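**Q** quick one, structure for this:
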Amino acid sequence: MKNIKIAIVGIGNCTSSLLQGIEYYKNKNEKDAIGLMHWEIGGYVPGDIEVVAAFDIDKRKVGKDVSEAIFELPNCTIVFCKDVPKAGVTVKMGKILDGFSDHMKNYADKHTFVISDEQEASEEDIITVLIESGAEILINYLPVGSEEATKFYAKCALESGMAFINNMPVFIASNPEWAEKFKDKSLPIIGDDIKAQIGATITHRVLADLFNKRGAKIERTYQLNTGGNTDFLNMLNQDRLASKKVSKTDAVQSVLAERLDDDNIHIGPSDYVPWQKDNKICFIRIEGKLFGDIPMNLELRLSVEDSPNSAGVSIDAIRFCKLALERGQGGILYGPSAFLMKHPPKQFTDDEAYKLTKEFIAGENSRSFKTPSELVSVVNEN
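**A** From the prediction side, this is the model:
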């Protein structure tokens with residue numbers, strides 16, 4: 001089988017973990033491939049993914065082979081695979097737009113962005129690189145708050161005839177106008193805002209669902225997160241957080257028996273702690289009542305390496321898009337989006353999303369490509 005050719009926007013910690021992971025699992029087999037949700041999807045394993053184009057705006061990354069750029073500052077994620085061979089793919093200067101926050105210029109060099117001296121790319125430049133590279137799927141790893149930049153690259157994907165995976169909390173797949181554009185061109189899209197493998201949002205959802213199934217009433221809840229990577233530094237700018245807070249909050253609200261008033265739910269980034277680097281610490285508290293109206297509360301502390309925690313999820317998203325391309329099926333991949341993303345076009349419980357995703361892999365009735373209302377009917381029937 002041919003490799004799955006991908007292009008990536010944003011060569012940060014998440015891209016570093018993704019590329020390390022692709023190389024790491026090349027030397028594994030299904031029996032010892034710990035840490036993957038799926039070893040094989042449609043005949044493709046992680047090592048079949050190949051990066052053929054890459055874009056960034058940081059001086060320390062632009063112009064370098066992508067295999068070297070992933071280890072440049074301000075990247076600070078854990079290195080679990082040092083020997084990533086040269087890809088023969090040079091990181092190209094991208095389009096800046098709102099792809100970084102001005103306040104990040106005021107931090108020490110190891111934390112800040114250093115804008116490249118190269119002239120920023122035009123839409124035509126980006127499209128030319130994408131088409132000439134032979135990429136089939138464009139992966140968006142831009143920083144939180146990159147609203148205009150994400151829309152710019154989504155348009156480039158459309159014009160280049162590529163599938164699009166939107167790992168960031170800018171609403172593309174969950175925006176009907178954008179979704180229709182991808183459907184019209186028979187190009188698959190997965191989004192928006194990637195869930196970690198075992199991260200704050202998926203854990204919070206599972207706990208909320210547990211309360212529902214055990215008859216406990218949730219009255220208040222919060223999720224507070226701290227980290228020391230550029231994602232958390234970027235999110236110190238509150239103006240860039242609007243869609244992120246909506247995405248994370250809706251992901252939890254959607255599995256509650258009753259939606260909580262805004263005053264009773266707080267979910268979102270909390271603070272930047274430089275020495276944590278790519279380690280993310282999450283604090284979850286749920287307050288509620290049990291049998292006899294007796295009050296109770298639950299507190300949980302979760303510590304994970306943030307970027308590797310999403311890389312395996314991205315590896316699955318890439319292979320789902322490849323399957324859709326091979327089947328000639330475009331538009332929103334509803335099941336995979338609900339399973340992998342915080343703010344999909346249609347929210348399902350995690351059990352329902354998992355089932356729909358398994359059906360998608362098996363190609364059963366193309367259920368993951370139906371409208372949201374049809375999907376609800378399918379889930380209710382089962």
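**Q** tell me the gap between the biggest helix by length in the chain and the middle of its chain.
**A** Across the chain, the longest stretch assigned as helix under DSSP state H is helix 308-327. Relative to its chain's centre, helix 308-327 lies at 11 Å (C-alpha atoms, centre = their mean, to the nearest Å).
**Q** packing partners for that helix?
**A** strand 4-9, helix 13-24, strand 49-56, strand 137-140, strand 163-166, strand 188-190, helix 334-340, helix 350-362 (3 or more C-beta pairs under 8 Å, 6 or more residues apart in numbering; DSSP states H and E). For the C-beta atoms, the positions are set from N, CA and C on the backbone; glycine is no exception.
**Q** pull the helix or strand with minimum mean pLDDT from this structure.
**A** Using mean pLDDT, DSSP states H and E, the weakest-scoring helix or strand in the chain turns out to be helix 372-381, at a mean of 54.
**Q** buried residues in the longest helix of the chain?
**A** Across helix 308-327, burial judged by 16 or more other C-beta atoms under 10 Å covers 308-325.
**Q** any idea how far Val273 is from the residue located most distally from the centre of the chain?
**A** Centroid-distance maximum for the chain: Gly292 at 41.3 Å, with C-alpha atoms, centre = their mean. As judged by C-beta to C-beta, to the nearest Å, Gly292 and Val273 stand 41 Å apart.
**Q** check Gly35 too.
**A** 26 Å.
**Q** and if you look at Met341?
**A** Met341 is 27 Å from Val273, by C-beta to C-beta.
**Q** for Asn175, same thing?
**A** 33 Å.
**Q** with neighbour numbers in mind, choose between the two.
**A** Asn175 (16 against 13; other C-beta atoms under 10 Å).
**Q** burial of Gly330, as a residue count?
**A** Gly330: 18 surrounding residues under other C-beta under 10 Å.
**Q** now the residue lying closest to it once chain neighbours are set aside: phi and psi?
**A** Distances taken as C-beta to C-beta, 6 or more residues apart in numbering place Ser186 nearest to Gly330, at 3.5 Å, with adjacent residues excluded. For Ser186, the backbone dihedrals are phi 60, psi 40 (criterion: degrees, to the nearest 10).
**Q** could you report the pLDDT at Ser186?
**A** Ser186 carries a pLDDT value of 97.
**Q** tell me where the chain has strands.
**A** 4-9, 49-56, 91-93, 137-140, 163-166, 188-190, 217-227, 265-272, 279-290, 294-305, 331-332 (DSSP state E).
**Q** please list the outside residues in contact with the last one.
**A** Spelled out, that is strand 331-332. With contacts defined as C-beta atoms under 8 Å, 6 or more residues apart in numbering, strand 331-332 is touched by 173, 179-180, 182-183, 186-190, 345, 369.
**Q** tell me the one of the residues you listed nearest Gln238?
**A** Nearest to Gln238 out of those is Ala173 (C-beta to C-beta; 25.0 Å).
**Q** spatially nearest residue to that closest one (excluding sequence neighbours)?
**A** Ala173's closest residue in space is Gly191 (C-beta to C-beta, 6+ apart), at 3.2 Å.
**Q** who's in contact with Trp39?
**A** Contacts for Trp39 (C-beta under 8 Å, 6+ apart) come out as 30, 33, 45.
**Q** what about Ala87, how many residues nearby?
**A** As a burial measure, Ala87 scores 19 neighbours (other C-beta under 10 Å).
**Q** that one and Lys26: what is the separation?
**A** 13 Å.
**Q** can you check Gln329 too?
**A** On the measure of C-beta to C-beta, Gln329 and Lys26 end up 28 Å apart.
**Q** quick one: which of those two has more around it?
**A** Between Gln329 and Lys26, counted using other C-beta under 10 Å, the more crowded position is Gln329 (18 against 14).
**Q** now do the same for Phe113: its pLDDT.
**A** 70.
**Q** show me what contacts the closest residue to it other than its chain neighbours?
**A** Leaving aside its chain neighbours, Phe113 sits nearest to Phe100 (4.9 Å; criterion: C-beta to C-beta, 6+ apart). Contacts for Phe100 (C-beta under 8 Å, 6+ apart) come out as 57, 113, 115, 143, 146, 234.
**Q** Tyr153 now?
**A** 9, 95, 126, 138, 140, 142.
**Q** find the nearest non-adjacent residue to the third one, please.
**A** In space, not counting the residues next to it along the chain, Ile126 is nearest to Cys156; the distance is 4.7 Å by C-beta to C-beta, 6+ apart.
**Q** in the stretch 251-382 of the chain, where is pLDDT below threshold?
**A** 365-382 (pLDDT under 70).
**Q** still on that earlier bit, for burial, what's the neighbour tally of the residue nearest to Gly330?
**A** Neighbour tally, Ser186, other C-beta under 10 Å: 13.
**Q** what do you get for Ser133?
**A** Using other C-beta under 10 Å, Ser133 has 19 other residues around it.
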